[in-house]
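> Based on what follows, work out the 3D shape:
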Amino acid sequence: MRPHIAAGLISLRTIDPAELSPGEFSWLVRDEVEARGAKFFILDSLAGYINAMPDEKQLLLQMHELLSYLNRCGVVTFLINPLAGLIGPTQSEIATSYIADAVLLLRFFEADGRIRKAISCLKNRGGGHEDAIRELRIDYGVQIGEPLTEFRGILTGIPSYIGSEQPLLEESGGGVW
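Got it, this is the predicted structure:
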């Protein structure tokens, strides 16, 4: 990414929410869109941002307004919202589904003594979406495997394998985005 950052195509900023009000943060994001033509925005993490400002009563409302603005400007926005609990049951500390157009869930699961990742689309306000749970691998690109039809309970974090011996993503060569 360094060449893209040096060329001004990517802007990475570490923001200390303790030094910035929600309004100042929104202004910084708007400035990136209006002055630099930003078309893609990632906030990592939403939970960290909200937890850093516990006294701000209208923080989710302000975030909703910022997301509406970004949507009107055609900016693709990703809010990373880590769930409490990596393995087993998880829960979100922040109810954000109502402000999202799409919700992707990434889960860890164990298979053959290895930690794997699964991806699923829980919500897509813009239309239909695939409801399959697939294996995900991110290394030198993104690979999405075939639907994990021979597992049950992946989204619960306590999966069980009910199928025959078949290779997962590494061996099967799933599709690449």
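
> show me where pLDDT drops low in this protein?
Applying pLDDT under 70 to the chain picks out residues 52, 54-57, 83-96, 165-177.

> Go through stretch 25-39 and flag the buried ones.
Across stretch 25-39, burial judged by 16 or more other C-beta atoms under 10 Å covers 25, 26, 29, 32, 33, 38. (C-beta placed from N, C-alpha, C; glycine too.)

> Please tell me how far the second one sits from residue 66.
The one in question is residue 26. 5 Å (C-beta to C-beta, to the nearest Å).

> how's the chain carved up into domains?
Using automatic domain parsing, the domains assigned to the chain come out as 1-92, 101-177.

> From the chain's centroid, how far away is the first one?
Using C-alpha atoms, centre = their mean, to the nearest Å, the mean C-alpha position of domain 1-92 is found 12 Å from that of the whole chain.

> what's the answer for the last one, then?
Once both centres are worked out by C-alpha atoms, centre = their mean, domain 101-177 turns out to sit 15 Å from its chain's centre.

> Now, the buried residues of stretch 25-39 that are in helices?
Members of the buried residues of stretch 25-39 lying in helices (criterion: DSSP state H): 25, 26, 29, 32, 33.

> Doesn't residue 140 belong to a strand?
No. With DSSP: H, G, I helix; E, B strand; the rest coil as the criterion, residue 140 is coil rather than part of a strand.
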